[in-house]
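K.L.:
build me a structure from this.
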Amino acid sequence: MIPSITLTRSTTAPALVVPVLAGQIPHAYAQAASADAFTGAPGTICEIFAPPGRILLTGLDEAAGACAAARLLRTPHIAIDAAGFPAATAAALATGAALRAWRFTTLRTYEEDDAPRLAAIDLLSDDPALPALWPAAHAAIEGAALARDLVSEPANRLTPTSFAAHLAPLAAAGISIEILDQAALTTLGCGGLLAVGRASAHPPCLAILRWPGQGGSPIAFVGKGITFDTGGISIKPAEAMWDMRADMAGAAACAGAMLTLARRGSPAAAIAILPLAENTTGAAAYRPGDVLHMLNGTTVQVVDTDAEGRLVLADALDYARRQSPRAIIDLATLTGSIVTALGHHMAGAFTNTPGLLAKAQAAGQAVGEPIWPMPIADSHRRALDSDIADIKHCVDGSGHPDACQAAAFLETFAGDTPWLHLDIAGMEQRDAATDEHPTGATGFGVRLLDRLVADHFEAHHG
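P.N.:
Numbers count the residues shown, from 1 in each chain. Next up is the predicted model:
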C-alpha cells in the first residue's frame with residue numbers, strides 16, 4: 001500500500017517536512033538549525049521538536065522526500081512544505097516519500113508495534129502549476145506500487161493464470177486485457193513458452209495489454225513472467241530458491257508502466273506482452289538437449305533448462321514484432337552474470353538501436369532507475385551455434401557468464417524492429433531498507449518506461 005496524498009495549502013499533520021537549500025535556512029528555524037550545525041547541505045536532516053509536533057529540515061536533493069519519510073514511517077500523517085519551490089520539485093518530494101512509505105501488507109494478520117504506519121501525506125505548495133502536473137506524478141506512484149505488489153506475491157497465490165486477476169486495476173483504467181491460454185498458444189506455435197510451462201500444474205499463458213492512446217503504432221513492452229523458477233531439470237540449489245517468486249519482475253514492471261500511461265492519459269499507444277509460466281520439474285518437463293520450434297519458426301536447442309527466461313521472451317518478442325510497434329523494450333530478471341558485472345547498482349542494457357538506448361538511459365537517470373550499456377558482439381552470436389538446430393539458447397557448461405549471449409539470442413527474435421533489452425536482475429528487490437528504499441520489491445523499470453514514453457513517444461501527438 002501507498003499513502004494517500006493531498007494537495008493543500010494548510011495542514012494539521014503532527015509532523016512537518018521542510019526542504020531547504022544549502023545556506024538558505026528559513027528564519028523561523030535558523031536558531032535550531034545553527035544549534036545542530038545544520039546548513040541545509042543535500043542529504044542532511046535536522047530534527048526539531050516543537051508545537052504541534054516534529055519538524056524535519058532536510059537538505060534538498062533527489063532523495064530528500066524519501067529520506068524524510070524514512071524518519072517518519074511510524075507517524076500516520078505527515079506534511080511536506082514545498083511552498084516556494086517549483087511544482088516539479090514538490091511532486092518529486094511527494095513521490096519519493098510515497099514510494100519510501102510503500103509496504104506490502106496483504107498477507108499480514110497483525111502489525112508489530114513498531115511497524116510503518118505512514119498513511120497520509122499533505123503536500124503544501126503555492127505553485128499554481130502543481131494541480132496540472134500532479135496526476136502524472138501520482139500515476140507513476142500507482143504504477144510502481146502495482147509492480148511492487150505483484151513481485152511481493154508468493155507463487156502459490158500468483159500463478160500464471162491468477163496473474164490475470166491481479167491486472168484488474170488496468171482494465172478499470174481503460175486497458176484491454178487478452179489472455180491466450182495453453183490451447184491458444186499451441187495453435188499459435190509458441191514452442192518456447194509452452195515448453196517452459198508444460199511440467200507445471202499451472203499452465204502457461206500469454207497476457208496482452210493494450211492502451212489505445214490517441215491511435216497510431218504502439219510502443220511495445222515485453223516482460224518476463226516466470227511466476228516461480230525451480231530451474232527445471234537443471235534444478236537450482238535450494239539456497240535462496242524461495243526468492244524465485246520474483247522472477248516475474250519484468251512482467252510486473254510492464255504492467256505497472258501500462259497502468260501509469262493509462263492513469264495519466266498518455267496519447268501514445270502502447271502494448272505489453274507478458275509471457276507467464278512456472279518453470280518446474282516433472283514427467284512433462286522439457287529437457288537439456290531438446291529442440292524447440294519457436295513462434296517465428298526458428299529451431300532452438302535447449303542447453304540448460306534454468307535459462308528459461310529467454311525462451312519465453314523469444315516467443316513474446318516475435319508476437320510483439322507482429323504488432324508493427326515503433327520500438328520493443330523487454331525487461332527481465334534474466335542472468336546472474338549481469339549482477340556480477342553491475343552489482344545491484346544498475347540494470348544492463350543491450351540494443352540493436354543505440355539511439356533508443358541513449359534515450360532510455362537518460363530517462364532512467366532522470367527517475368533514479370539507472371541502466372548501463374552492454375555489448376552484443378559477433379563472438380556472442382557465434383557462441384550460440386548449434387550442430388543440430390538453428391541456434392542454441394545459451395552457452396555450453398555451467399558457470400559461464402552469459403548476459404551478452406542471452407541478449408544475442410533475444411536479438412534474433414526482435415528482427416529489424418528497434419529493440420532494447422534490459423536485464424534487471426539484481427535491481428528488482430532490495431534485501432535491506434535504506435533511507436531511500438524500503439525492503440523488498442522496487443518496481444524497477446516502471447518509471448523509466450513512463451519517462452521514456454513521455455519524452456520521446458508522445459511528441460507527434462502534441
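K.L.:
hang on, residue 278 is in a strand, isn't it?
P.N.:
Yes. The assignment for residue 278, made by DSSP: H, G, I helix; E, B strand; the rest coil, places it in a strand.
K.L.:
leaving out chain neighbours, which residue sits closest to it?
P.N.:
Among residues not flanking residue 278 along the chain, residue 200 sits closest, at 3.9 Å (C-beta to C-beta, 6 or more residues apart in numbering). In this view, the C-beta of every residue, glycine as well, is placed from N, C-alpha and C.
K.L.:
is it true that the one you found lies in a strand?
P.N.:
No. Inclusion of residue 200 in a strand is not indicated when three-state DSSP is applied; the result is coil.
K.L.:
quick one: low-confidence parts of this protein?
P.N.:
Across the chain, the ranges flagged by pLDDT under 70 are 113-114, 397-400, 460-462.
K.L.:
ok, 50 please
P.N.:
462 (pLDDT under 50).
K.L.:
and residue 260, how many neighbours does it have?
P.N.:
30 (other C-beta atoms under 10 Å).
K.L.:
now residue 434
P.N.:
The number of residues packed near residue 434 is 13, by other C-beta under 10 Å.
K.L.:
against residue 73, how distant is it?
P.N.:
13 Å (C-beta to C-beta, to the nearest Å).
K.L.:
cool, residue 139 as well?
P.N.:
Distance from residue 139 to residue 73, by C-beta to C-beta: 24 Å.
K.L.:
and the residue lying closest to residue 430 once chain neighbours are set aside, helix, strand or coil?
P.N.:
For residue 430, ignoring the flanking residues on the chain, the nearest one in space by C-beta to C-beta, 6+ apart is residue 437 at 5.3 Å. Here residue 437 is recorded as coil under three-state DSSP.
K.L.:
what's stretch 49-56 in contact with?
P.N.:
Residues outside stretch 49-56 that contact it (C-beta atoms under 8 Å, 6 or more residues apart in numbering): 12-18, 29, 32, 45-48, 68, 71-72, 75.
K.L.:
first-to-last residue distance for that stretch?
P.N.:
Stretch 49-56 stretches 9 Å from its first residue to its last (C-alpha to C-alpha, to the nearest Å).
K.L.:
how near is residue 324 to residue 416?
P.N.:
For residue 324, the distance to residue 416 - C-beta to C-beta - is 11 Å.
K.L.:
cool, residue 298 as well?
P.N.:
According to C-beta to C-beta, residue 298 and residue 416 sit 15 Å apart.
K.L.:
which one's more surrounded, these two?
P.N.:
The neighbour comparison of residue 298 against residue 416 (other C-beta under 10 Å) goes to residue 298, with 18 against 8.
K.L.:
pretty sure that one contacts residue 391?
P.N.:
Yes. Residue 298 lies in contact with residue 391 (C-beta atoms under 8 Å); the separation is 6.4 Å.
K.L.:
which residues do the two both contact?
P.N.:
Shared contacts of residue 298 and residue 391, counting by C-beta under 8 Å, 6+ apart, come down to residue 412.
K.L.:
now the element after the lengthiest helix in the chain, going C-ward?
P.N.:
If you go by DSSP state H, the chain has its longest helix at helix 130-152. Once the chain leaves helix 130-152, the next helix or strand it forms, by DSSP states H and E, is helix 160-163.
K.L.:
any idea which helix or strand comes after that following helix?
P.N.:
helix 168-172.
K.L.:
against residue 327, how distant is residue 218?
P.N.:
For residue 218, the distance to residue 327 equals 9 Å [C-beta to C-beta].
K.L.:
brain fart, residue 82
P.N.:
For residue 82 relative to residue 327 (C-beta to C-beta), the value is 35 Å.
K.L.:
again, but for residue 311
P.N.:
The gap separating residue 311 from residue 327 is 22 Å, by C-beta to C-beta.
K.L.:
again with residue 434
P.N.:
Taking C-beta to C-beta, one finds residue 434 at 33 Å from residue 327.
K.L.:
next one: residue 103
P.N.:
If you go by C-beta to C-beta, the gap between residue 103 and residue 327 works out to 34 Å.
K.L.:
so the nearest residue to residue 86 once chain neighbours are set aside, which state does it fall into?
P.N.:
What sits nearest to residue 86 in space, not counting adjacent residues and going by C-beta to C-beta, 6+ apart, is residue 127, at 5.9 Å. Taking three-state DSSP as the rule, one finds residue 127 in the coil state.
K.L.:
what's around residue 127, how many residues?
P.N.:
17.
K.L.:
ok, now which ones touch it?
P.N.:
By C-beta under 8 Å, 6+ apart, the neighbours of residue 127 are 82, 85-87, 90.
K.L.:
how much space separates it from residue 264?
P.N.:
Going from residue 127 to residue 264 by C-beta to C-beta gives 19 Å.
K.L.:
pretty sure residue 300 sits against residue 312.
P.N.:
No. The criterion here is C-beta under 8 Å, and residue 300 misses it with residue 312 at 11.9 Å.
K.L.:
is the residue nearest to residue 278 in contact with residue 283, as I believe?
P.N.:
No. With contacts counted by C-beta under 8 Å, residue 200 stays clear of residue 283, the gap being 11.8 Å.
K.L.:
settle it for me: which of the two has more neighbours?
P.N.:
Taking neighbours as other C-beta under 10 Å, residue 200 and residue 283 compare with residue 200 leading, 22 against 5.
K.L.:
three-state assignment of the closest residue to residue 457 other than its chain neighbours?
P.N.:
Spatially, and ignoring its direct neighbours in sequence, residue 457 is nearest to residue 268 (4.5 Å; C-beta to C-beta, 6+ apart). On the three-state scheme (three-state DSSP), residue 268 is labelled coil.
K.L.:
same check, this time on residue 97
P.N.:
Applying three-state DSSP: residue 97 is helix.
K.L.:
around it, how many other residues sit close by?
P.N.:
27.
K.L.:
against residue 70, how distant is it?
P.N.:
Residue 97 is 9 Å from residue 70, by C-beta to C-beta.
K.L.:
where do the contact lists of residue 300 and residue 312 overlap?
P.N.:
Common neighbours of residue 300 and residue 312 (C-beta under 8 Å, 6+ apart) are residue 192.
K.L.:
list the buried ones in stretch 446-456?
P.N.:
446-454, 456 (16 or more other C-beta atoms under 10 Å).
K.L.:
can I get those residues in CSV with distance to residue 335?
P.N.:
Formatted as CSV, the buried residues of stretch 446-456 follow (distance: C-beta to C-beta, whole Å):
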residue, distance to residue 335
446, 21
447, 23
448, 19
449, 21
450, 25
451, 25
452, 23
453, 26
454, 29
456, 27
